[in-house]
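Asks: The following block contains a protein sequence and its predicted model.
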Amino acid sequence: MQLKQLLTQSGGCRSLSVSLIVLAAFATPALAADAFIPKLINSTTVPASGDVNPYGVAFVPAGFPAGASIAPGDVLVSNFNNSSNAQGTGTTIVALNPSGLPAMPGTAATFYTSELPGLSTALGVLRGGYVLVGNVPTTDGTFATIGQGALQVIDRNGNWLQTWTDPVFLDGPWDLAINDNGGHAQVFVANVLNGTVTRLDVAVGAAGVTLLNKTTIAWGYTVMPNAAALVLGPTGLAFDEASDTLYVASTGDNAIFAIRDASHRKSAAKLGQLIFSDWHLRGPLALRFAPNGHLLTANGDAVNADATHPSEIVEFSIWGQFIREYNVDASEGGAFGIDTVLGQRGPFNYAVIDDVTSSLSVYRLPADDR
């Protein structure tokens, strides 16, 4: 029996917890549902300021310095909208400790308040003790006033350190992925306004993060305004260090591409190699590796929308084989940010955003389900 049939027979399985239990039974008969999801916790992402529409989500990694206001295993979430729900005007990053969830609306702890509005999905944490966040601002919530944006560096206690801007290499930083090697790192950035992917080579030390080089490694992704999503362009990025491959979720192209030699290429590839594009994709946004080696992407429903299959997370192999999918919300447009923790033990290794309810769910996925 196909997963779609199971979902239909179980009444649509529109709640996240029910969907995942069905998913576990379908995917891994040997595992009981509670083994697949030992604990599922849902929390608001709305801080006292009232910011909504959470976009980016990032786990604080192992090795992050002690004595900070955030710690390994905590989850950070960036908000794109303000309390009036105007797109591109949110200014807060909230910090959530999964062991202490759930929080009530208006009580999510603010880690950082930005002077630059429209905090995007470009949210990541360097294990050297720094947080990176991008923004794509508007002045009135519409594409007509969209701005270039920037990438900010924040210290471990939520203090601003520096802002990087560039009209070519940081033209609407919409999402990012990090290749973290401690003292040096590579930050891959998806630029939603010029349809490119940039590699930023940085040095990481006690004194801060130093930007060394900027290189465009891919171009040609479709960019277009969108009434519901504000703008469509390259979004989710997932880096595979073993193969030196960066995977790109291109929302407007409704496809997943692979950029080879991503960490050291000097020239830009046009799109890269097409990996996955079929009817299961509906405007893929965030992109991450699952613990089992497959890729997970969030369908934002801005492309190829299907009201009977809204707000889905789609799992597929790096060879382009569809594996399964499940719903985050009963309404369209709920799936956006996701993050995972790979190769590390702990109670939670997966986090997913629901834009409709401005909430975050965290739980554990198995590493041996292929």
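Replies: Received the coordinates, thanks.
Asks: Now for the residue nearest to N254 when sequence neighbours are not counted: which residues touch it?
Replies: Take N254 and drop its neighbours on the chain: the residue closest to it by CB to CB, 6 or more residues apart in numbering is V303, 4.7 Å away. The C-beta positions use only the backbone N, C-alpha and C, and glycine is treated the same way. Contacts of V303 were listed using CB atoms under 8 Å, 6 or more residues apart in numbering, and they are L232, T251, G252, N254, L281, R282, G283.
Asks: for the third one, helix, strand, or coil?
Replies: Using DSSP: H, G, I helix; E, B strand; the rest coil, the secondary structure recorded for G252 is coil.
Asks: Can you get me a residue count around it?
Replies: By the criterion of other CB atoms under 10 Å, G252 has 21 neighbours.
Asks: quick one, what contacts the closest residue to it other than its chain neighbours?
Replies: Of all residues beyond its chain neighbours, the one nearest G252 is T222 (3.3 Å), with distances taken as CB to CB, 6+ apart. Contacts of T222 were listed using CB under 8 Å, 6+ apart, and they are G195, L232, G233, S250, G252, D253.
Asks: do S84 as well
Replies: With contact taken as CB under 8 Å, 6+ apart, S84 is in contact with G141.
Asks: Which of the contacts of T222 has the largest number of neighbours?
Replies: S250 (31 neighbours).
Asks: what's around G220, how many residues?
Replies: When neighbours are counted by other CB under 10 Å, G220 registers 16.
Asks: Any idea how many residues pack against the closest residue to it other than its chain neighbours?
Replies: Computed as CB to CB, 6+ apart, the closest residue to G220 that is not its neighbour in sequence is K270, at 4.4 Å. The local packing of K270 (other CB under 10 Å) involves 9 other residues.
Asks: Could I get the pLDDT score of K270?
Replies: Residue-level confidence at K270 comes out at 98, pLDDT.
Asks: got it, and R199?
Replies: On the pLDDT scale, R199 is placed at 98.
Asks: is it in a bridge, and if so with what?
Replies: For R199, the beta-bridge partners under DSSP bridges are F188, T215.
Asks: correct me, but it touches T215?
Replies: Yes - judged on CB atoms under 8 Å, R199 makes contact with T215 at a distance of 4.8 Å.
Asks: so P366 is in which element?
Replies: Counting by DSSP states H and E, no helix or strand carries P366.
Asks: any idea how far it is from P291?
Replies: For P366, the distance to P291 under the criterion CB to CB, to the nearest Å works out to 7 Å.
Asks: Let's verify the residue nearest to N254: helix, strand, or coil?
Replies: coil.
Asks: Mark out where each domain of the protein begins and ends.
Replies: 1-38, 46-363 (automatic domain parsing).
Asks: deepest of the ones you listed, which one?
Replies: Comparing the domains of the chain by mean neighbour count (mean count of other CB atoms under 10 Å), domain 46-363 comes out on top with a mean of 20.
Asks: Report the contact partners of I146.
Replies: Counting by CB under 8 Å, 6+ apart, I146 touches G88, V136, P137, T138, G172, L193, L230, V231.
Asks: run the last query once more with 6 Å
Replies: Applying CB atoms under 6 Å, 6 or more residues apart in numbering, one finds that I146 lies in contact with T138.
Asks: same check, this time on G88
Replies: Listed by CB under 6 Å, 6+ apart, the contact set of G88 reads G118, V136, P137, T138.
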